[in-house]
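need a structure here:
(3 chains)
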Amino acid sequence: MKQFTSVNDVDNIDQLVQDALALKANPYGSNDLGKNKTLGLVFLNPSLRTRLSTQKAAINLGMTVMVMNMDKEGWALETQDGVVMNGTTVEHIKEAAAVMGQYCDILGLRSFPKLVNRDEDYNEDFFNKFVKYCGVPVVSLESATRHPLQSLADLVTIKETWKGTGKPKVVLAWAPHVKALPQAVPNSFSEWMCKAQDEQWLDFTIVQPEGYELSEDFTPGAQIKYNLEEALEGADYIYVKNWSSFKEYGKVLTYPDGWMMNNEKLKLTNDAKVMHCLPVRRDLELSSEILDGPNSLVIHEAGNRLWAAQAVLKDLLQNLS
Amino acid sequence: MKQFTSVNDVDNIDQLVQDALALKANPYGSNDLGKNKTLGLVFLNPSLRTRLSTQKAAINLGMTVMVMNMDKEGWALETQDGVVMNGTTVEHIKEAAAVMGQYCDILGLRSFPKLVNRDEDYNEDFFNKFVKYCGVPVVSLESATRHPLQSLADLVTIKETWKGTGKPKVVLAWAPHVKALPQAVPNSFSEWMCKAQDEQWLDFTIVQPEGYELSEDFTPGAQIKYNLEEALEGADYIYVKNWSSFKEYGKVLTYPDGWMMNNEKLKLTNDAKVMHCLPVRRDLELSSEILDGPNSLVIHEAGNRLWAAQAVLKDLLQNLS
Amino acid sequence: MKQFTSVNDVDNIDQLVQDALALKANPYGSNDLGKNKTLGLVFLNPSLRTRLSTQKAAINLGMTVMVMNMDKEGWALETQDGVVMNGTTVEHIKEAAAVMGQYCDILGLRSFPKLVNRDEDYNEDFFNKFVKYCGVPVVSLESATRHPLQSLADLVTIKETWKGTGKPKVVLAWAPHVKALPQAVPNSFSEWMCKAQDEQWLDFTIVQPEGYELSEDFTPGAQIKYNLEEALEGADYIYVKNWSSFKEYGKVLTYPDGWMMNNEKLKLTNDAKVMHCLPVRRDLELSSEILDGPNSLVIHEAGNRLWAAQAVLKDLLQNLS
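Predicted coordinates:
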């Protein structure tokens, strides 16, 4: 790979998943690969799992890591071309990205959407300009529309834990929340699951209330349902997640009852494993009884963030010119 | 040790003090011990000494360090069980701690008290839940009621500098301040000194104005006095520190005159060495003439924070399963 | 060197420039030098280039780095002597600096001017006290009046890129800005260029509108001009930079037209290379056409920050007692 910003950057997802599991079994076997290589992690938004797991992944490969909290340790960046910079933005992304590329061999970038203008967010203007101008391979630490390190960890977790016969049924289920959240995690999860479905690994269903449909660009081949109980029937994995509306962009629409996942609903499934990218709002998105019970994979899944990141960084290191 | 949250976690304080002094003489002798081991430092409050000394201690042992300023780079954590998380807390400590434990071999945690509800603070609810859910050994970087890395460094400093015959007389002396400060440092110092007194290393006295008595749980065997001049008589070490009231919890009571430590009061002592955990308010808690003079140990003591932390981390590394 | 706070700390600027270029050719050749040595970077202000380039420089030399954002992770420091610390400052610089020196072999410090009281800023009170009390070699990461790592990188860039015959003509040209900026970068650039002029490397001119003259302490031997077009004639290098007034201290005086650098003005020069320390306000200080065109050295120059910092740290490591 030359960059890791979506599933489309991956030639062979099977190989990448196998790499992640191999690194989990032998974390330090490739720690010469990162010698004298530096990973720069650039955060424009808060981060816990991504921050720590990606750092640790780089360390396991022998890299050194420099973290830049651009929102707190740096300053506001300009992204538009041709504007006279006499306002509050201090530096243009052209310069900022190019400079960071001077000191780092690989860069990671987190940049959330503003959830105001759909085109602006879905064009990934900021992210793409950073990739364009920095001059080194970029790993997405979550962009306006995608969170591929999370999705790879999710796929690794399903591959690792599925012991049944045939293809597991995976359901992405919308859940309530008090805030308007991005579509990045569900977009990305869907994109990866659709790819895995293409490769005959699993069957993929998305269920959400009317008005919360994801962009069709991210759901090719997915079964789309609107009735939660119906969708859960026979599910082997349920991926619980809230997101705001794509159609009425960034809005929290009428707040429907009955979409919190709990043990009662779990009875409809094939004793499904329950996943969530975290952070999770307990007893709002997902009941405590599930999170504290035997069906929850959420901590295991978070642990796999490390091996997903390490597999990605390993691949990028091997392809550095 | 399996964790380091108070003196009660230490089997043998003599051994730990000797280890710290041995590491001071030979800092890099054990730098294979931390190979491929990662220390995560989680701060919910500001830190200078603890942040830097603990990082350096880990580095000296060959560990890598990841720092997480949870208050700035992360988000607000929920600690109560069974609440519907539809407010401002973004993640439950159950998940947050467990996730950090996935990426780190040892975790350090700093979490100050709120000084509002005494039971809540003294139950160490947040700290204990973090320990319970993270699944790896935890080092306290200062909790609501204790600061054991500071206290160990203090004991190391006394052991290292005492050249007299017999047991030194150590006095913990309350001093004025403009803010309401936690009792963590004096609680912890007292707890460690009482243990050292039990082992016949020293005699320990606490002196404070009426109303500022520490919790008796932390002062077993200590002489408690209310008259500063009387307490200072014959002292070999004076540990100057402000704290707010335990009885009228978190309050700054009537502000008594004459409690700032200065050269005039030093004359009452046996040419005592003066200690303070820092940061210190000059000419409010402690006079500049003392801080800039030959009796001050405060910088030496801060330097020993490194060796205390390194001894603790070394012990924890040796006991990793 | 024993410290690096201005050009006056450097015995031999030619040697230092050669060292930087040698390290650029062979970055990891000296990575034993920093073994078991720790660099502490203390920021009281935001930083991008300096933060990353200095970290990377230390890593290349085998050092470990600890970063302290004193303004965010620490607390307000007192600098005045003899004050009763009953206000908002939490720790005196005497203690804070001495403590940091206990854990680090070399310290870097960034501390911007307040631009209120000229004497206070130009006395470098804070910076000098930090140097005095920390007890280890200090690298300036930009002080109230100087930014020597930037200036060294600038000189390295000129030396590296000058392919003409004879001495290049270097012009420091004032440019407009919406904020009142420090004089640190132009002071420092001038100081280094004047030294290089003394050594017959180049000819140095400063051009600015009336009222924006720099302190004469930093401009010995420089040609001072007030007409931009006249100054640009025959220039080989133009260093574009805004600064606030030294005379009417910290003020943005009447805002003159015609001082933004652009391709039209470039025609007056000897096809000059254009430099800027960054961050740059596009189309306010410097036109996008120049920044995106072949005459711009700004990214190249930023890249050289790494080798400048590495040369300085290497020299300091070699001179550690």
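
what's the nearest residue to the residue in the stretch 1-150 of chain A positioned nearest to chain C if we skip its chain neighbours?
Among the residues of the stretch 1-150 of chain A, A:E91 lies nearest to chain C; the distance is 3.4 Å by Cβ to the nearest Cβ. Heads up, the C-betas are built off the backbone N, CA and C, glycines and all. Nearest residue to A:E91, sequence neighbours excluded (Cβ to Cβ, 6 or more residues apart in numbering or on different chains): C:P279, at 3.4 Å.

how far away is the residue in the stretch 201-321 of chain A that chain B sits nearest to from chain C?
Taking Cβ to the nearest Cβ, chain B has its nearest neighbour within the stretch 201-321 of chain A at A:P279, 3.4 Å off. Distance of A:P279 to chain C, given as Cβ to the nearest Cβ, to the nearest Å: 22 Å.

Roughly how far does the residue nearest to A:E91 sit from C:L155?
Separation of C:P279 from C:L155 (Cβ to Cβ, to the nearest Å): 21 Å.

Looking only at neighbour counts, state which of these two leads.
Comparing C:P279 with C:L155 by other Cβ atoms under 10 Å in any protein chain shown, the one with more neighbours is C:L155, at 26 against 22.

what does the stretch 151-300 of chain A have sitting close to chain B?
A:178, A:278-284, A:288, A:291-292, A:298-299 (Cβ under 8 Å from any Cβ of the partner chain).

7 Å - rerun?
Residues of the stretch 151-300 of chain A lying close to chain B by Cβ under 7 Å from any Cβ of the partner chain are A:V178, A:L278, A:P279, A:V280, A:R281, A:R282, A:D283, A:L284, A:S288, A:V298, A:I299.

Show me just the buried residues among these.
A:V178, A:L278, A:P279, A:V280, A:R281, A:R282, A:D283, A:L284, A:S288, A:V298, A:I299 (16 or more other Cβ atoms under 10 Å in any protein chain shown).

Which secondary structure state is assigned to A:H300?
The three-state label given to A:H300 by DSSP: H, G, I helix; E, B strand; the rest coil is helix.

pretty sure it contacts A:T157?
Yes: in this structure A:H300 lies within contact range of A:T157 using Cβ atoms under 7 Å: 6.4 Å.

Neighbour count for the two, which is higher?
A:T157 (25 against 16).

And the more buried one, how far from C:Q3?
From A:T157 to C:Q3 the distance is 52 Å (Cβ to Cβ).

Show the subsequent helix or strand relative to the strand or helix carrying A:A173.
Following DSSP states H and E, the helix or strand that holds A:A173 is strand A:169-174. Using DSSP H and E, the helix or strand that follows strand A:169-174 in sequence is helix A:184-198.

just the angle between that following helix and strand A:169-174, please?
Helix A:184-198 runs at 160 degrees relative to strand A:169-174, counting by axes from the mean of the first three to the mean of the last three Cα atoms, to 10 degrees.

Do me a favour and average the pLDDT over the very next helix or strand once past helix A:184-198.
Going down the chain from helix A:184-198, the next helix or strand is strand A:203-207, by DSSP H and E. Averaged over strand A:203-207, pLDDT sits at 98.

Return the list of strands paired to strand A:203-207, each annotated with direction.
strand A:169-174 (parallel), strand A:223-225 (parallel) (DSSP bridges).

Show me which residues of the shortest one are buried.
Judged by neighbour count using 16+ other Cβ under 10 Å, the buried positions of strand A:223-225 are A:K225.

Please enumerate residues in contact with that strand?
Contact with strand A:223-225 is made by A:F204, A:T205, A:I206, A:V207, A:E213, A:A231, as judged by Cβ atoms under 7 Å, 6 or more residues apart in numbering or on different chains.

One more: the longest one?
Strand A:169-174 is touched from outside by A:158, A:186, A:189-190, A:193, A:202-209, A:212, A:228, A:231-232, A:234-243, A:259, A:261, with contacts defined as Cβ under 7 Å, 6+ apart.

Just the buried ones from those residues, in PyMOL syntax?
In PyMOL, this line selects whichever of the contacts of strand A:169-174 come out buried by 16+ other Cβ under 10 Å:
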select buried, chain A and resi 158+186+189+190+193+202+203+204+205+206+207+208+209+212+228+231+232+235+236+237+238+239+240+241+242+243+259+261
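
show me where chain A has strands.
A:38-43, A:64-69, A:77-78, A:91-92, A:106-110, A:138-140, A:169-174, A:203-207, A:223-225, A:237-241, A:273-275 (DSSP state E).

what packs against the third one?
Translated: strand A:77-78. Here strand A:77-78 touches strand A:91-92, helix A:93-103, going by 3 or more Cβ pairs under 7 Å, 6 or more residues apart in numbering or on different chains; DSSP states H and E.

can you list the domains in chain A?
Domains of chain A are assigned by automatic domain parsing as A:7-146+A:305-318, A:149-302.

Would you mind putting those domains into JSON lines with distance to C:K167 alongside?
Converted to JSON lines, the domains of chain A look like this (distance: least, Cβ to Cβ, whole Å):
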{"stretch": "domain A:7-146+A:305-318", "distance to C:K167": "28"}
{"stretch": "domain A:149-302", "distance to C:K167": "53"}
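
C:L109 is nearest to which of those?
domain A:7-146+A:305-318 (15.4 Å; Cβ to Cβ).

And the average pLDDT for the closest one is what?
Here the average pLDDT along domain A:7-146+A:305-318 is 96.

Kindly state the beta-bridge partners for the closest residue in space to A:N227 that isn't next to it in sequence.
Sequence neighbours aside, A:V207 is the residue nearest to A:N227 in space, at 7.1 Å (criterion: Cβ to Cβ, 6+ apart). Counting by DSSP bridges, A:V207 forms beta bridges with A:A173, A:K225.
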